[in-house]
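>>> predicted structure and sequence below. I'll ask about it afterward.
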Amino acid sequence: MTEAIIARATVRETIPLTKDTYLLKLWRPHGFPDPAPGQFVKIASPAEGSKLLAGAEGAEVAGAFDAGGVADGAFLGRPFSVFQSSPEDLSFLIRQKGRLTSLWRHAPPGAPLDLTGPLGRGALQLAPELFAAPAYLVGGGVGVAPFGSLGRYSDQPHTLIYGENSAESQLPLAFCRESFPFPAIALTVDGTGHGGRGYPTEALESLLREELRPVWACGPEGLLRETWKIARARGVPCYVSLESFMGCGLGVCLSCSYQTPKGERKRLCVDGPVARAEDWSPLEAAPRVVAQDLAAPAPASEFAPDLRVRLGPLVLKNPVIAASGAFGYGLELQSFCPPARLGAVIVKGLSLAPHGGNPAPRALEDSHGLINSIGLENKGLDRFLAEDLPALNATGATVGVNVWGRTAEDYALLAQKLARAPVHFLELNVSCPNLKEKGGLSFGANPEETRRLILGVREKAPALPLVVKLPPLVADIASLARASAEAGADALSLVNTLPALAVDLKTRAPKLGNVYGGFSGAPLKPLALRQTRLAAEAVSIPVIGLGGILSAQDALEFFLCGASAAQIGSAILRDPRAPLLILSGVESYLRENRLNLADFVGSLRAPL
């Protein structure tokens, strides 16, 4: 499978096709791998391109970017199927749905965009019969995008069945003839466009009566479901290109996790987006990704700041830690961000038994941040210890394990198992806001319950360095911090995500499948800085800050307020290199100011 990279592209041109659909053509970055049909690329607007885009002639969304270069409601990059590729350019068929895609429509030539890809498993890896024999390609709306490059890989006389609601949204006939080198049947529901009246699935059913062929469909979920029913009834292979909200696009955050008919949990961004309709289990591993060398050590002639951090008996090489939930089980992002380069990596929250998490939708963007309701999906501690920990330790990384339970006994048993395992420290999650059961959240809300929980853990794991992760919304964070320290915590991490709710005015329903979730991202930083400072003033043990850390400046502000280290979470979902970029910036600042980290921590000049 093709390796994926992160690269800077620039806009070649945008070509309007309908009132709300356009072709975005980008100059192909040097060395960007060739995407296979069905694979996708994540596109993001870099900060330095914000003014250029916002000031584009004809743009109705000027000012959509804030000072950090993050568009309203567009904290993350957007996944798009690659429509066509050539040695010179990459093109994407885009339908405007929000401010970011509206902004790109008016992007002038030369505007920069960041690409991550190619990603996912395409049809070439999964369905060779689609390339060796004629197939029926069923596309609804811009769901035809994955078929645009099929002609480069297959000379078979495929048949495209393309459906739209009306002429207003239908791609121009000349564009279809130029883009698809095989016969196309174009339909509109109301009969106003070129071609006939009807639904793509009706045309498919008719064609299958005449000739049986494999089927590949892409479009709205209803179209995929109906296509699969028809193909199954005719006994022909059926493949679907799945769509879902994606956080990282790299298989780490699990926001696009789905359950197969066999009850297995799969990640659409890695195990898909192309899948067998009857069985969505993966056949291949995720693509290996390559990153440039970041956070390189300073030349020997320069001042080299001491970045070490002590957490009880444990010493970290530097203060940048990959937060639980954003770095998977520690290995998934190693080609972007080698875990051994960081102060530590904390693997996603583990429980005694495997846990399937919350129903979809599991995540969404809101107000420059992310609301997630993953629900602590995980494979269980025993499987992690057997399947992942040996390889993670082999990288030389400092490994922290985040755990959660429904009872104090669960936490104690988890600690007991980890006390015998080759891990460096334990992080207790007593503050998850999106677990359907009350679970850990109730422990972190009360100092006495937190104290009893930590005492029970300490009894089972007296020598294992212990970090306690605290919630953001408590009446007295200082009291909770003191209770944790007195009970035996070696360090505190705060704050966890903020309890949140998002609703849909049109449907009058919650946007998340579990109703509530946890909010993270830039707006959380002022609250997190306050809680970090209050906790650091209340205890003598180290405090690890987290919440809204997207840059080196953010991390330095936490250090200034008393944090000894910083955990990076949501920023990894936007750019998996974020921890190394932040580490590089922190080291540069300390070097330029000839400061060691310990001298800078807690040096805020606040009035008494």
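Here it is on my side, so go on.
>>> where is the longest strand in this protein?
Secondary structure of the chain per DSSP state E: the longest strand is strand 4-16.
>>> tell me the buried residues in that strand?
Ala4, Ile5, Ile6, Ala7, Ala9, Thr10, Val11, Arg12, Thr14 (16 or more other C-beta atoms under 10 Å). Quick note: C-beta positions are derived from backbone N, CA and C, even for glycine.
>>> for the second one, which residues count as its bridge partners?
Which is Ile5. Gly117, Val290 (DSSP bridges).
>>> test my guess that it contacts Gly31.
Yes - the pair Ile5 and Gly31 qualifies as a contact (C-beta atoms under 8 Å) at a distance of 7.0 Å.
>>> separation between Gly122 and Pro128?
11 Å (C-beta to C-beta, to the nearest Å).
>>> quote the end-to-end distance of stretch 396-412.
From its first residue to its last, stretch 396-412 covers 27 Å (C-alpha to C-alpha, to the nearest Å).
>>> what's the answer for stretch 554-572, then?
From its first residue to its last, stretch 554-572 covers 14 Å (C-alpha to C-alpha).
>>> before we move on, what about stretch 373-382?
When the termini of stretch 373-382 are compared using C-alpha to C-alpha, they are 24 Å apart.
>>> show me what counts as buried in it.
Those buried within stretch 373-382 under the rule 16+ other C-beta under 10 Å are Ser373, Ile374, Gly375, Leu376, Glu377, Asn378, Lys379, Leu381.
>>> next step: these restricted to helices.
Helix and strand membership here follows DSSP state H; of these, those in helices are Leu381.
>>> closest to Gly569 among the buried residues of stretch 373-382?
Proximity of those to Gly569, judged by C-beta to C-beta, is greatest for Ile374, which lies at 12.3 Å.
>>> in the strand or helix carrying Ile371, what counts as buried?
Secondary structure assignment for Ile371, by DSSP states H and E: strand 369-372. Of the residues in strand 369-372, Gly369, Leu370, Ile371, Asn372 count as buried by neighbour count, 16+ other C-beta under 10 Å.
>>> with pLDDT added, can I get those in CSV?
What follows is these, written out as CSV (pLDDT from 0 to 100):
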residue, pLDDT
Gly369, 87
Leu370, 92
Ile371, 94
Asn372, 92
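>>> which among those gets closest to Gln39?
Looking at these and their distance to Gln39, the nearest is Leu370, at 24.1 Å (C-beta to C-beta).
>>> wait, the closest one touches Gly247, no?
Yes - counting by C-beta under 8 Å, a contact exists between Leu370 and Gly247, whose distance comes to 6.8 Å.
>>> joint contacts of these two?
Overlap of the contact sets of Leu370 and Gly247 (by C-beta atoms under 8 Å, 6 or more residues apart in numbering) consists of Leu76, Ala363, Leu573.
>>> give me the distance between the first one and Leu254.
What that stands for is Leu76. Distance check for Leu76 against Leu254: by C-beta to C-beta, it reads 14 Å.
>>> who does the helix or strand where Ala275 lies pair up with?
Element membership of Ala275 [criterion: DSSP H and E] is strand 274-276. Sheet pairing of strand 274-276 (DSSP bridges) gives strand 238-241 (antiparallel).
>>> buried set for whatever helix or strand comes next after the strand it pairs with?
Per DSSP H and E, strand 238-241 leads on to strand 257-259 as the next helix or strand towards the C-terminus. Applying a neighbour-count criterion of 16+ other C-beta under 10 Å, one finds Ser257, Tyr258 buried in strand 257-259.
>>> then stretch 269-279?
When neighbours are counted by 16+ other C-beta under 10 Å, the buried residues of stretch 269-279 are found to be Cys269, Val270, Asp271, Gly272, Pro273, Val274, Ala275, Arg276, Ala277.
>>> nearest to Leu331 among the residues you listed?
Distance to Leu331 across these (C-beta to C-beta) is lowest for Val270, with 13.0 Å.
>>> so for the helix or strand containing that closest one, mean pLDDT?
Val270 is located in helix 268-271, with elements delineated by DSSP H and E. Along helix 268-271, the predicted local confidence has a mean pLDDT of 91.
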